[in-house]
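In: Sequence first, predicted model second:
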Amino acid sequence: PTPQGGGIAVIAAALAVLLSLLGAPGGEVAALTAGTLALALIGAVDDIRPLSVGLRLPLQAAAVVLVLSAAGGQLIPGLPLWLERGLAVLAGLWFVNLVNFMDGLDWMTVAEMVPLLGALVAFGLAGHLPGPATLVAGALLGGLLGFAPFNRPVAKLFLGDVGSLPIGLLVAWLLYRLAGEGGLAAAILLPLYYLADATLTLGRRALAGE
């Protein structure tokens, strides 16, 4: 079996940046740090001894709710706030689990996330993302580039749940922040290939009774 756990190093890079930003006002970074740590711990346990869906899913949802609540704002003024927040939580939970689902394919997470994070860093340098979000995107980008040689086909290492779950949360937050800065279309388009690929695959499996 291919070893898992490569995500520990990637998440360590992101957490190092988050911990250095903890003094930022508003509590958003603190909530993101807590959510990232929680999902990393859940993932680590799940990698060693698989958890039931009934336990795993509510804990993931709690992390998504925590981060979205701290991020605040409203992306679509025409929608009732409660409806937008509910849809945002579902989207965040879906994204976290899709990143986890796709980690089993050699270089798939790298091939999707490296261009996406590179674009987010470029947006940040152009002033379309707040400084903390740009730094987090840069840390994740560097971590995944370091992980890439070990995951290239045929993979010698995978992220594991310890990496894929918090990476999903962090990237979902980054896309939400981009949307909040006026880049809603970009936030949808950047991960759309990845989202469509995984969602259609899961849909076909469900219809086939798999």
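Out: Cool, the structure landed.

In: Without its sequence neighbours, what residue ends up closest to Pro132?
Out: In space, and not counting its chain neighbours, Pro132 is closest to Leu21: 5.0 Å by CB to CB, 6 or more residues apart in numbering. In this view, the C-beta of every residue, glycine as well, is placed from N, C-alpha and C.

In: again, but for Val67
Out: Nearest residue to Val67 in three dimensions, chain neighbours excluded: Gly35, at 4.7 Å (CB to CB, 6+ apart).

In: any idea which helix or strand carries that neighbour?
Out: Gly35 belongs to helix 28-48 when assigned by DSSP states H and E.

In: same deal with Ala172?
Out: Element membership of Ala172, judged by DSSP H and E, is helix 161-180.

In: tell me how far that helix is from the chain's mean position?
Out: Centre-to-centre, helix 161-180 and its host chain are 3 Å apart (CA atoms, centre = their mean, to the nearest Å).

In: and it, what does it pack onto?
Out: Where contact means 3 or more CB pairs under 8 Å, 6 or more residues apart in numbering; DSSP states H and E, helix 161-180 is packed against helix 7-20, helix 28-48, helix 53-71, helix 81-102, helix 108-125, helix 131-151, helix 184-189.

In: picking up where we left off before, I'd like to know how far the residue nearest to Val67 sits from Gly142.
Out: 21 Å (CB to CB, to the nearest Å).

In: Pull the distance from stretch 21-31 to the chain's centre.
Out: For stretch 21-31, the distance to the chain centre is 18 Å (CA atoms, centre = their mean).

In: ok, now which ones touch the residue nearest the centre of the chain?
Out: Among the residues of the chain, the one closest to the centroid is Gly168, at 1.8 Å (CA atoms, centre = their mean). Applying CB atoms under 8 Å, 6 or more residues apart in numbering to Gly168 gives the contacts Leu39, Phe95, Val96, Asn97, Leu98, Val99, Asn100.

In: Of the residues you listed, just say which sits nearest to Val136.
Out: Leu39 (14.5 Å; CB to CB).

In: didn't the closest one look like it was pressed against Ala63?
Out: Yes. Counting by CB atoms under 8 Å, Leu39 does reach Ala63; the two are 5.3 Å apart.

In: between the two, what contacts are shared?
Out: In contact with both Leu39 and Ala63: Val96, Leu169, using CB under 8 Å, 6+ apart.

In: The two: which is more packed in?
Out: Leu39 (30 against 25; other CB atoms under 10 Å).
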